[in-house]
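Student: Prediction below, plus the sequence it came from.
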Amino acid sequence: MIDYNKLLNDASVDALLITDPYNLRYYTGFRGGEGMALITYKYSQVLITDSRYTEAAEKECYKGVTVRQFDATVSIYDILMEYIIDDRVSVIGFENESISYSLFNKLSGNICEDNRYDSRKKEAGYDLSVSLKPLKDTLLVPRQIKTQEEIELLREAEHIGDMAFEDILGIIKPGMTELEVAAELEYSMKKHGAEGFSFDTIAASGVNSSMPHAIPSEKKLAMGEFITMDFGCIYKGYCSDMTRTVCLGKADDEMKQVYNIVLSAQLKVLDELRPGMKCCEVDAIARDYIRNQGFGKYFGHGLGHGVGLYIHESPAFNTRDTSIVKPNMIETDEPGIYLPGRFGVRIEDMILITENGCEALAHSPKELIEL
């Protein structure tokens with residue numbers, strides 16, 4: 001159960017204004033993503049949306065959340081001010097990490113500066129000024145620790161990825177384009193129950209695989225080349241993320257060397273990660289190993305990131321994040337080596353942090369596959 005009062009206390013505000021679609025889902029249950037929610041000290045929990053979503057919202061929202069509809073005659077700000085005045089709100093926390101400059105200006109103008117509500121304030125005996133205060137990560141930190149229900153949804157999302165990878169191994173052949181590989185992966189994920197995709201699927205072969213976030217192209221697959229596939233789906237709102245690199249035909253000795261270094265680094269994290277470590281220390285497990293093998297300058301991105309309702313959540317395994325790793329966090333473990341203009345290798349699992357270590361949620365094989 002969400003402790004709204006604790007969130008308000010932690011942020012030192014009278015109300016929380018939620019506009020980010022992922023936070024709307026997490027804190028109200030609403031999946032539509034269009035609208036705002038206001039939570040106050042009096043435990044007013046109201047979701048304000050329009051007629052496209054009100055029926056669904058009434059079914060989806062948690063018990064205790066009131067659904068209100070704005071339209072051409074009653075604006076979203078009219079409804080917000082009703083609750084702000086009734087609950088004597090002075091300081092409203094807003095999501096400065098995700099809000100647009102345009103929306104911030106609209107909120108400031110309609111909530112903090114507009115005098116249209118003066119008569120309503122006077123009738124209610126409300127004589128406070130309203131200000132907006134940045135929430136920073138107040139609403140993001142609780143999302144780092146997953147509930148058992150969330151863990152099972154994330155586990156199933158990753159399982160869909162496993163099934164898609166198994167499917168694609170029987171489809172890949174010389175002459176296919178990277179675009180076709182990406183399309184087949186996405187079709188397979190949908191076929192196995194995905195409701196959408198966590199991000200744009202990556203399918204990069206040969207020289208393109210040296211670019212960590214290469215965009216699939218009309219380049220045709222050729223024998224003797226690596227194919228890196230980074231893909232994920234959305235299952236009941238929760239994301240998956242996995243990467244596998246395979247070789248079409250036989251890999252040469254250098255390709256095998258690089259592949260095995262990346263694999264060893266990825267497995268070392270699974271073996272050595274413990275709750276209580278700092279995220280930057282987890283990153284160092286893989287980074288130090290790759291550097292000691294002589295490829296340090298070819299591993300430029302962070303080791304991993306949190307996954308949940310959104311594909312990139314906090315905390316992150318990188319050189320800067322000093323957050324403490326805790327049980328029931330779900331992160332990615334995705335080291336890579338990228339040799340510019342030649343080839344690249346990345347291997348990635350989503351991992352569940354346990355009381356004593358971690359568990360890989362992906363079960364697709366990671367030893368070098370030569371098709």
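Tutor: Received it, and whenever you're ready, just let me know what you need. Numbers count the residues shown, from 1 in each chain.

Student: what's the spacing between the most far-flung residue of the chain relative to its centre and Asp86?
Tutor: Distance to the chain centre peaks in the chain at Glu123, reaching 44.7 Å (criterion: C-alpha atoms, centre = their mean). Distance of Glu123 to Asp86, given as C-beta to C-beta, to the nearest Å: 11 Å. Every residue, glycine included, has its C-beta placed from N, CA and C.

Student: now stretch 307-319, how far from the centre of its chain.
Tutor: 6 Å (C-alpha atoms, centre = their mean, to the nearest Å).

Student: Kindly apply the preceding question to stretch 67-79 instead.
Tutor: 30 Å.

Student: can you pull out the strands in the stretch 1-150 of the chain?
Tutor: Assigned by DSSP state E, counting those that start in this stretch, the strands in the stretch 1-150 of the chain fall at 15-18, 36-40, 45-49, 66-69, 91-94, 131-134.

Student: What is the fifth one packed up against?
Tutor: To tie it back to what came earlier, the one meant is strand 91-94. Applying 3 or more C-beta pairs under 8 Å, 6 or more residues apart in numbering; DSSP states H and E, we find strand 91-94 packed against strand 15-18, strand 131-134.

Student: ok, it: who's next to it in the sheet?
Tutor: strand 15-18 (parallel), strand 131-134 (parallel) (DSSP bridges).

Student: Ok, the third one next?
Tutor: Strands that pair with strand 45-49, judged by DSSP bridges, come out as strand 36-40 (antiparallel), strand 66-69 (parallel).

Student: Which residues does it contact?
Tutor: By C-beta atoms under 8 Å, 6 or more residues apart in numbering, the surrounding residues in contact with strand 45-49 are 4, 24, 28, 30, 32, 34-39, 57, 61-62, 64-70, 76, 79-80, 83.

Student: Need the winner for burial among the strands paired with strand 45-49.
Tutor: Burial among the strands paired with strand 45-49, expressed as mean neighbours by mean count of other C-beta atoms under 10 Å, is greatest for strand 36-40, which shows a mean of 23.

Student: now it: mean pLDDT?
Tutor: Summarised as a single mean, pLDDT over strand 36-40 is 96.

Student: Can you verify my assumption that Ser198 contacts Asp241?
Tutor: Yes - Ser198 is within contact range of Asp241, at 6.0 Å (criterion: C-beta atoms under 8 Å).

Student: List phi and psi for the closest residue in space to Glu225 that isn't next to it in sequence.
Tutor: Distances taken as C-beta to C-beta, 6 or more residues apart in numbering place Gly206 nearest to Glu225, at 3.9 Å, with adjacent residues excluded. In terms of degrees, to the nearest 10, the main-chain angles of Gly206 are phi 60, psi -130.
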